[in-house]
Structures are given as C-alpha cells and as structure tokens.
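K.L.:
Predicted model and sequence below, questions to follow.
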Amino acid sequence: MKYETYDKFHKRSDEELTDFIKKLELQALETAEERLPLYLEVGLKDARLVLDAGCGSGFVTRDIARLTKGIVIAIDGSTHLIDVAKRILKNYSNTKLGIADAQLLPFDDNTFDIATCNLTLMWADIPKKVVHEMARVTKPKGKVLASLEPDYGGKIHWPENPKVDPLFAGEAIRKKGGDPHIGRKLRELFVSAGLETKIGIGNNRIWSCAEDKQYYLHSRDFYIKVMKDAGLSEKEIDSWEYEYLKSLDKGMQLNFFPQFYAIGIKPKS
C-alpha cells in the first residue's frame with residue numbers, strides 16, 4: 001500500500017511507514033507471549049468496554065479483541081494506520097475504530113473498564129498526557145495498562161560493533177522523535193496520573209542465536225535502511241552483516257533488550 005503524505009503522528013514518510021507496518025506485524029507476533037498474561041492479569045476477558053490507545057495498524061488490537069467478551073474501542077492519530085487496522089480487524093465485530101490523539105482522548109471521564117496501550121508512549125510527544133488521559137477515561141477501580149515500552153539504555157549486545165550498535169541502542173529512535181528510554185519512566189508516569197502502580201519486565205528470556213538470526217533475516221530491510229540512513233557505506237554494511245551472521249552461526253551472539261510494562265489501578269473517586 002502506498003501513502004500520499006508524511007504521517008505526522010508516526011513521524012515517517014510514505015516508504016518508511018510501509019516498512020514500519022511490516023515491522024509492527026512482526027513485533028505483535030513476537031511479543032504476544034509477553035502481552036497475553038498481562039491482559040489476563042488486568043481482567044480483559046470479562047471487561048465490557050476496552051480502550052486501545054494508539055492502536056497503530058491493529059495487529060495488537062486483534063489480540064485484545066480475541067481475548068475479551070466486550071467491545072474494544074481502538075484509536076490512533078494516523079489515518080493511514082487506521083486504514084490498515086480496518087482491514088486487519090474487518091472480521092472482528094467487537095471492535096470500533098476511530099481517529100484521535102491519545103494525548104486528548106474524545107471520551108467522557110470514567111468510561112472504560114480497561115485502557116491499554118502498546119509501544120505508544122515511546123512515540124508520544126508528551127507521554128505524561130497520554131497516561132493522564134487514559135487514567136481519566138478509565139472507571140474507578142478500572143485498570144490502565146502499558147503492555148510494552150522498551151528501554152534501549154538497558155540493551156545488551158555482544159560482540160559489539162562501535163558503528164552499528166549505537167544505532168540500534170536508541171540513536172535511530174531518537175532521530176525519529178521517539179524516547180528510547182521510556183521504559184524506565186513508566187513508574188513516574190503512572191504514579192503521576194494517580195494510579196496504584198505495578199512495574200515489570202515482560203521479556204525475561206534471552207533468545208537463542210537461531211531465533212536472533214530468524215528475526216534479523218525477516219527484518220533485514222529495516223536494519224539495512226537504518227544503517228544507510230546513518231551514513232554507513234555499502235562496504236561497511238556488508239562487512240558488518242558478514243561478521244554478524246557468522247557470529248550467529250557460531251552461536252556466539254547475545255542480545256538482551258528490556259521491555260517494560262506498567263499496570264495502574266484507578267482509585268475510587
């Protein structure tokens with residue numbers, strides 16, 4: 001699918017947004033095992049009305065819709081991504097989609113049983129506003145969930161490459177306008193919104209080299225583009241890729257990337 005304008009909410013051009021949608025699908029598949037227990041913990045199954053704030057392309061919303069008996073209202077500021085989400089969710093009668101800014105939600109106070117977001121706060125201009133808005137529209141004793149927000153400052157990778165590693169340790173995210181250290185800020189954001197707060201790390205397992213290789217090959221175009229945009233030459237990229245894949249085949253690579261979650265309970269008024 002081609003897009004005609006720069007997407008201000010996701011800070012990407014036409015070509016970048018198309019690649020981004022592919023990456024969102026892969027992320028949704030890979031993080032399902034981390035997110036699904038959180039949905040059960042917050043009582044998603046029996047919730048009557050759920051908000052998915054910053055739903056993006058709808059791949060994560062699809063998981064939410066499958067797990068709840070209630071209605072899922074999914075919003076995003078990007079008309080392009082909402083168009084994708086409509087296709088992804090066309091067979092789910094319990095979803096309703098709308099265009100809205102998560103920093104200024106168009107809902108009354110105390111509306112939803114659960115308000116959730118996934119990889120939304122990292123890209124928000126003012127993430128504190130997003131959490132405050134999610135708390136505002138959630139009913140007393142309802143739950144606010146940020147199911148996955150990374151922190152690139154805690155990323156561990158070995159063997160290192162001095163030119164490439166910084167790009168994937170938050171540098172590329174920051175250049176796109178995101179906050180690569182949002183994970184460590186979740187407690188402050190949720191407590192500041194008046195929520196009884198629990199913080200945790202969703203991914204405790206370190207992938208095998210075979211899993212890392214499969215992920216890289218699936219996402220190779222994204223990695224190459226990031227390196228090209230950073231000014232690396234074809235020779236430098238080829239050299240890095242050769243060494244990286246060789247190290248994976250030898251079983252030497254280690255990657256750890258902390259991804260945090262936050263659960264907040266709204267107090268009674």
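P.N.:
Sure, I can see it.
K.L.:
and K128, which of the three is it?
P.N.:
Here K128 is recorded as helix under DSSP: H, G, I helix; E, B strand; the rest coil.
K.L.:
Thought L189 was touching it, still the case?
P.N.:
Yes. Proximity of K128 to L189 meets the contact threshold set by C-beta atoms under 8 Å, at 5.7 Å. Placement of C-beta: from N, CA and C, glycine included.
K.L.:
Name the residue in the two with the higher neighbour count.
P.N.:
Per other C-beta atoms under 10 Å, whichever of K128 and L189 has more neighbours is L189, with 23 against 15.
K.L.:
How many neighbouring residues does the residue lying closest to the more buried one once chain neighbours are set aside have?
P.N.:
Computed as C-beta to C-beta, 6 or more residues apart in numbering, the closest residue to L189 that is not its neighbour in sequence is V131, at 4.6 Å. V131 has 32 neighbours, counted by other C-beta under 10 Å.
K.L.:
give me every residue that touches V131.
P.N.:
If a contact means C-beta atoms under 8 Å, 6 or more residues apart in numbering, then V131 has 121, 144, 146, 189-190, 192-193, 195, 264 as its contacts.
K.L.:
hang on, it in a helix?
P.N.:
Yes. Counting by three-state DSSP, V131 is part of a helix.
K.L.:
Against K185, how distant is it?
P.N.:
Distance, V131 to K185, by C-beta to C-beta, to the nearest Å: 10 Å.
K.L.:
can you check R66 too?
P.N.:
30 Å.
K.L.:
same thing with V42?
P.N.:
Taking C-beta to C-beta, one finds V42 at 20 Å from K185.
K.L.:
do P140 as well
P.N.:
P140 is 25 Å from K185, by C-beta to C-beta.
K.L.:
who has more neighbours, the two?
P.N.:
Remark: of P140 and K185, K185 carries more neighbours, 20 against 11, as counted by other C-beta under 10 Å.
K.L.:
show me what contacts the more buried one?
P.N.:
So K185 contacts 127, 179 (C-beta under 8 Å, 6+ apart).
K.L.:
what's the answer for the one 4 residues further on, then?
P.N.:
Applying C-beta under 8 Å, 6+ apart to L189 gives the contacts 121, 127-128, 131, 262.
K.L.:
if you average pLDDT over the helix or strand that contains it, what comes out?
P.N.:
Applying DSSP states H and E as the criterion places L189 in helix 186-192. Averaging pLDDT along helix 186-192 yields 98.
K.L.:
hey, C-alpha coordinates of it in CSV?
P.N.:
The C-alpha coordinates for helix 186-192 follow below in CSV (Å, rounded to 0.1, in the frame of the first residue of the first chain):
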residue,chain,number,x,y,z
LEU,A,186,6.8,4.2,33.4
ARG,A,187,6.5,4.2,37.2
GLU,A,188,6.8,8.0,37.3
LEU,A,189,4.2,8.4,34.5
PHE,A,190,1.7,6.1,36.2
VAL,A,191,2.1,7.4,39.7
SER,A,192,1.9,11.0,38.5
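K.L.:
ok, the next helix-or-strand element following that helix: who's next to it in the sheet?
P.N.:
Of the helices and strands lying after helix 186-192 in sequence (DSSP H and E), the nearest is strand 196-201. The strands beside strand 196-201 in its sheet (DSSP bridges) come out as strand 259-265 (antiparallel).
K.L.:
Take the partner strand, keep the C-alpha atoms, and write them as PDB.
P.N.:
Extracted as PDB, the C-alpha positions of strand 259-265 are listed here (Å, rounded to 0.1, in the frame of the first residue of the first chain):
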ATOM      1  CA  GLN A 259      10.800  -4.200  27.600                       C
ATOM      2  CA  PHE A 260       8.800  -2.900  30.500                       C
ATOM      3  CA  TYR A 261       5.100  -2.900  31.300                       C
ATOM      4  CA  ALA A 262       3.000  -1.000  33.800                       C
ATOM      5  CA  ILE A 263      -0.300  -1.800  35.300                       C
ATOM      6  CA  GLY A 264      -2.200   1.000  37.100                       C
ATOM      7  CA  ILE A 265      -5.400   0.800  39.200                       C
END
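K.L.:
No further queries at this time; thank you.
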